[in-house]
Structure formats: structure tokens, C-alpha cells
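1. sequence plus predicted model, see below.
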Number of protein chains: 2
Amino acid sequence: MSEPREAGFRPVTIPCRRIWIWRDFHLHLPTSIRYACGVLFRKITIIGVGLLGGSIGLAVKRHGLAREVAGFVRRPASLKDCLDVGAVDYATLDLLAAVSNADLVVLCTPLAQMRARVMEMLPALKRGAIVTDVGSAKAGVVRELGPLIKKAGAHFVGSHPMAGAEKTGVAAARADLFVNAIWVVTPSKNTNASVIRKMERFAKSLGARTLRLPPEQHDLLVSRSSHLPHVTAAMLANLVLDPIRPRQQAALCANGFRDTTRIASGSPEMWRDIALANPKNIASSLDAFIAGLQKFQRDLKKADARSVAKFFETAKNRRDNWEKQRPALNLSEA
Amino acid sequence: MSEPREAGFRPVTIPCRRIWIWRDFHLHLPTSIRYACGVLFRKITIIGVGLLGGSIGLAVKRHGLAREVAGFVRRPASLKDCLDVGAVDYATLDLLAAVSNADLVVLCTPLAQMRARVMEMLPALKRGAIVTDVGSAKAGVVRELGPLIKKAGAHFVGSHPMAGAEKTGVAAARADLFVNAIWVVTPSKNTNASVIRKMERFAKSLGARTLRLPPEQHDLLVSRSSHLPHVTAAMLANLVLDPIRPRQQAALCANGFRDTTRIASGSPEMWRDIALANPKNIASSLDAFIAGLQKFQRDLKKADARSVAKFFETAKNRRDNWEKQRPALNLSEA
């Protein structure tokens, strides 16, 4: 780009390029420009176009991150849904055609189906392509898929965009789903550094904030911050809304209950797979959680007002501090 | 009211009175008229003007339910806060002056202070006055305060408006806090039927839906639907945001964690009192909750995919059904 150095113009730097504007003109960049950085991959293929896959497709298209976005779906009915939402340029039931010539393949199926999809797609996988996934448990996926994909001459790097909703399906997809969300990238020791950087650049281009973690540490940390709250929310819904309760029980569930159990409405299939993919960490988080509840229970039975008060005070302080610091949480690399 | 039976007029009945309007005129009542039913009590006194007390004051004034709304507060600084918000006509540090001549006294202090406040106010309590409270645990309050107040020639009926927020203080008070909220009224066997009806009419006048329950049943049911979620939310915040965790832990808390733990930011003093006022029910709800988690943990360790899936499916079904039926929940009397 030639630089017009005429009088009256001043240079302004935006994330991807330098443009020239009139000196008295104040440029207020729309948020979207922050991460609209042009084509990163010629062809991106999304395997499983639901809430997450569809949102990635919409965001890729909005920011022009690929020349071509293909989607693979299993059910014929999904073909039309994908196009109605505009999540991909074209959708197909043919996995090999979808993957063929793709530079980035994003696995958005439930965790339990990923290995089978990868085995099927290997013959069509381009050498040097990057394959990633969006699963909520990472160690197993990285251990299983990494070597398979490497053998085919491509690269695998696990990732976990921490965005979602209790809604499912491509109809709930949103181009801004990842804006300000945390996107964890979980390279193994063998992952090529340039692949990691490209993956992080992709996540940032969708508006996310990236965090690099070893897969095992990711699984330990999310077993507490994400999997445990899902299990407790589901347990609350199961216990309190059990049909054996008196009919007034449901009427006595107010807004506190509503929020505490919101995530219990998430996809059971997805959560079954996540739980089964991270059982040891979830079990030990549950152990710590149950031990804490039992300590509270003992204090309550002893009518130990100080300990009971401290339990609620500590919770409020930690929760309030987290909420306050949340926008500024340090995400520098592990 | 004389009824003008001239041609062209037709009668329309609104909740409190019959008015006459032109026959071609269609009356669309604003929602507020539903419960703007005129003066119910000459003087209402609110003991403790925080979120709940302040919201009651604002709603009473908005709907003209009393000629005079007095507020008792403990701290001099609160006097100005009350008036700034306009929650009461006047606030005072003098409990006897506040209560003197009141037809309805609403106790909005933390549970542990209610007995002391009632003992202090007894000399000024008007014969035939109604005293109620807004505490989240009822059996103890009804058992303790009922006889004291009866002896003074007044009536006590417990109540529990199931509205609130993690915010506290009169500055967070809102006149519409109770609109569509459940307001539980918990008479004892000795409570005068007209007192119960007057209390229910008052709650409905603030926009709430009333539910009549024996105090003991109330405490059992809310130990599951309200107290248990508070304890689990606090436990999650305590466990996950413990400063011993790696620094990435807090960054991995996303929107699911945020909603699941929102109520952990509630007033620790209030929750200490509630827990200590309902220890047996909370302990047994915790027992059932912990047993359910341990069953899930066993299924997970056995990699029992069917049971794990069923756990999440049942939760989703119960939660979705509750959400769907919520506006229409049958609140007819127990």
C-alpha cells in the first residue's frame, strides 16, 4: 500500500493495516474491525454445524477469515438449517468432500464422535492442514487424535472456546458468540509453534481472548469451574423438581433457583460425553465439593454461627472479587 | 356509589369498584390498576428498611395502600437513605414512635434480630394490629413471635415474599420487586381467618401471587428450592475461587459459573440467620443432594454411559418443564 504523505493526512494504525485519513477526521473504529484481519485460511471446514460450529461459521464469514466455509452435517434436515442461518457457504453429508482441500478443519461434534469422524476423514485430509476441535475436555482428544492426524501429514491442536448456552442447534448460532469469551488452546509437547500461533490468531479473529494450557491442566481446571457447576445444577433440578415432591414445591422455586439451574438445560448428550471424557477430575472435584458441604453441615448441626457466617462471607468475597476482576483477568500464557 | 343507568353506558368491574363508562369505550386497564385497590391499613410501619422493607414501602406508596408509612432503622445514616429513595413517609431511630398506632407492622430485619425488636416494640403495639415478617424461615418465627404478639392483643402471621436479589440495602429497593413473585403466608392453627385474608390481600396489592402453607411445610420446601441452592452456590464460589488455585482458574470461570453462583453474593448475615433458623431441613436436603452426587460419581467411575446420560436428561426435562409451566403454576391453597 503506497502511503499518501500529502499535507493534511495523518497515519492511523489499526490492527491489520495502516490507512490514511484526513487529519481533522477522528476515526472511531467499530468493535468488529478489531479482529477483522482478512483471510487466515483459504478453506475452513466445520464438522457438525450446531451452536458452536454454526457460530464459528457465522463469525468466519462476517470477518472474511476464509474464502470458503464448508459444513459437514449428519442429517439431511440439517442441510437446509445451515443455509437458512447462513452459517456456511455450503453444507454436505459427504465428509470427504467437505474436508477435501481444507486448510482448517474444526471438529464440533460431541466428544464421543470425534475419533470416528477423524478416522473417516483422514483419506481426504490435506497435508499441512490444521485440525482442531471445540470439546470441553482435552487430554483424551489430544492423546487420541494428535498421532492419527500427524500420521496423515496434518497438524492437530486442541481448543476449547468457553462460550455456549443452554440452547443447542444451528438456529441458536450467533456471529458474536465468542466476543470476549475465553478460548483455551491446548497444544501437546509436539505441537508446532506456528500451528499454535495460527490457532490463537484464528480465535482472536473471532473476538475471543486466548489462554494456552497443557491439556491435562485444562481438564483439571475446567472440572472445577465448568463441569462441577453443570453436575450440581443438574443435581439440583433432579432433586428439587422430582415428581415425588408436593405440588407446591415447584412454585417455591424462584429466581435464585432459576439462575442456579439454568445450565441444567444444556444438551444431555454433550454433557454425558464431557463427563465420560473427564471422569477422574470430575470425581475428585466432587469429592472436594462434598467434603466442603459436609463441613458446613457439621457446623450447622452444632449451630456454630461463626463458621456458618464465615462460609457465606468467604463465598461473597470471592464471588464479588471475581466478578470485579473478570474483564481484566490476566490471560498471559501458562 | 349510585349507578347511572342511562342509555349508552355499560358497567365494567375492576378489582375494587364498579365504574360506568360509555358503551363504545373499551377499557384497557393498566397493569397497575389490577392491584391499586386503595387504603388497606391507615398506618404501616416497616422495621428495617433495606431491599425488602424499602421495596414494600415504595410499593405501598405507589398503590396508595396506606395513609402513612413509617420506617424504623438502626443507623442514623439510614435515615437519609430511606428518604432519598422515598421508601417511607418518615424514618426514625425510635422504635416505639415508629410502631405507635400502626395497623400493620412488617418485620424486615435479619431473622436473628426479630425477637429482640418485637420485645422492644410490644409496649407501643396497637391492640388488633397485624404484625408480619418477611423472613425466609418460618417455623421458629411463628412459634416464638406468635404468642408474644397475641399476649399484647395483636395478631401475628408469618409471611415470606420470594423476591430478592444479590443486592442489599434500600438503594436497591424497587416498587415492582413483588410483581408476579410468590408470597407465602404461613398462618398457625390459631391465626384468625380474617387476618390471613387481610395479609393475602396486602401481598396481592403489591403484585404478588400468594400461597398459603403451614410454617413447617414452608421450611421443608424452601430448604430444597431456596436454601440448598444458596449453600451450593456459596460452596462452588468457595471451592473454585479459593486463592490456592492456579491463577488461570478464575479465567476459566465462564457464564455458566457466573449464573450458578450469582446468589452467593447475597448478604452473608442474612444467610447465616436463615441457615441457623432452618438447620434440620437444610441438613437433610444436603444429605439427599450429597447422596445424589455420590450416585452420579459411582456411575461416572464405572463409565456407566446410560446412567450418566439419564442423570443429565432427567435434569434437562425437569428444568425445561418447570420453566415452561412457571407462569401458570397452581397456587391454590394447601
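-> Arrived safely.
2. any residues touching stretch A:117-127, and which ones?
-> Contact partners of stretch A:117-127, identified using C-beta atoms under 8 Å, 6 or more residues apart in numbering or on different chains, comprise A:47-48, A:95-97, A:99-103, A:105, A:107, A:109, A:131, A:145, A:148-149, A:152-154. Using the backbone N, CA and C atoms, a C-beta is placed for each residue, glycine as well.
3. quick check: phi and psi on A:Arg117?
-> Main-chain dihedrals, A:Arg117, degrees, to the nearest 10: phi -60, psi -40.
4. for A:Phe41, same thing?
-> Torsion angles at A:Phe41 (phi, psi; degrees, to the nearest 10) stand at phi -140, psi 140.
5. rounded mean pLDDT for the longest helix along chain A, please.
-> Longest helix of chain A, by residue count under DSSP state H: helix A:279-301. Across helix A:279-301, pLDDT averages out at 98.
6. over to stretch A:72-88?
-> Stretch A:72-88 comes out at a mean pLDDT of 95.
7. give me the angle between the helix or strand just after the longest helix of chain A and helix A:279-301.
-> Along the chain past helix A:279-301, the next helix or strand (assigned with DSSP states H and E) turns out to be helix A:305-325. Orientation check (axes from the mean of the first three to the mean of the last three C-alpha atoms, to 10 degrees): helix A:305-325 against helix A:279-301 gives 140 degrees.
8. so which other helices or strands are in contact with helix A:305-325?
-> In terms of contacts (3 or more C-beta pairs under 8 Å, 6 or more residues apart in numbering or on different chains; DSSP states H and E), helix A:305-325 is packed against helix A:279-301, helix B:228-240, helix B:255-261, helix B:268-277.
9. now what about the longest one, what contacts it?
-> Think helix A:279-301. So helix A:279-301 is in contact with A:219-220, A:223-224, A:227-228, A:231-232, A:275, A:307-308, A:311, B:231-232, B:235-236, B:238-239, B:275-276, B:279, B:282-283, B:286-287, B:289-290, B:293-294, B:296-297, B:300-301, B:303, going by C-beta under 8 Å, 6+ apart.
10. drop anything exposed from those.
-> A:219-220, A:223-224, A:227-228, A:231-232, A:275, A:308, A:311, B:231-232, B:235-236, B:238-239, B:275-276, B:279, B:282-283, B:286, B:289-290, B:293, B:296-297, B:300 (16 or more other C-beta atoms under 10 Å in any protein chain shown).
11. how long is stretch A:188-195 end to end?
-> Stretch A:188-195 has its terminal residues 11 Å apart, counting by C-alpha to C-alpha, to the nearest Å.
12. I meant to write stretch A:118-134 there.
-> 14 Å.
13. report the buried residues of it.
-> A:118, A:121-122, A:124-126, A:129-134.
14. okay if I get these as JSON lines plus distance to B:Gly38, secondary structure and pLDDT?
-> Output for the buried residues of stretch A:118-134, formatted as JSON lines (distance: C-beta to C-beta, whole Å; DSSP: H, G, I helix; E, B strand; the rest coil; pLDDT from 0 to 100):
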{"residue": "A:Val118", "distance to B:Gly38": "71", "secondary structure": "helix", "pLDDT": "98"}
{"residue": "A:Met121", "distance to B:Gly38": "73", "secondary structure": "helix", "pLDDT": "97"}
{"residue": "A:Leu122", "distance to B:Gly38": "77", "secondary structure": "helix", "pLDDT": "97"}
{"residue": "A:Ala124", "distance to B:Gly38": "76", "secondary structure": "helix", "pLDDT": "97"}
{"residue": "A:Leu125", "distance to B:Gly38": "76", "secondary structure": "coil", "pLDDT": "97"}
{"residue": "A:Lys126", "distance to B:Gly38": "77", "secondary structure": "coil", "pLDDT": "97"}
{"residue": "A:Ala129", "distance to B:Gly38": "74", "secondary structure": "coil", "pLDDT": "98"}
{"residue": "A:Ile130", "distance to B:Gly38": "71", "secondary structure": "strand", "pLDDT": "98"}
{"residue": "A:Val131", "distance to B:Gly38": "71", "secondary structure": "strand", "pLDDT": "98"}
{"residue": "A:Thr132", "distance to B:Gly38": "66", "secondary structure": "strand", "pLDDT": "98"}
{"residue": "A:Asp133", "distance to B:Gly38": "64", "secondary structure": "strand", "pLDDT": "98"}
{"residue": "A:Val134", "distance to B:Gly38": "59", "secondary structure": "coil", "pLDDT": "97"}
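15. of those residues, which is the nearest to chain B?
-> A:Val134 (13.5 Å; C-beta to the nearest C-beta).
16. so how far is A:Thr45 from that closest one?
-> In this view, A:Val134 and A:Thr45 are 13 Å apart by C-beta to C-beta, to the nearest Å.
17. mind listing the shared neighbours of these two?
-> A:Val106.
18. now the buried members of the contacts of stretch A:117-127.
-> A:47-48, A:95, A:99-100, A:102-103, A:105, A:107, A:109, A:131, A:145, A:148-149, A:152, A:154.
19. can you tell me which of those are in strands?
-> A:47, A:105, A:107, A:131 (DSSP state E).
20. what's the most distant pair in these?
-> The largest separation in those, counting by C-beta to C-beta, is between A:Ile47 and A:Val131 at 9.2 Å.
21. show me what contacts the residue lying closest to A:Asp81 once chain neighbours are set aside?
-> Excluding its sequence neighbours, the residue lying closest to A:Asp81 (C-beta to C-beta, 6 or more residues apart in numbering or on different chains) is A:Val170, at 5.1 Å. Contact analysis of A:Val170 by C-beta under 8 Å, 6+ apart lists A:49-51, A:53-54, A:78, A:81-82, A:85, A:87.
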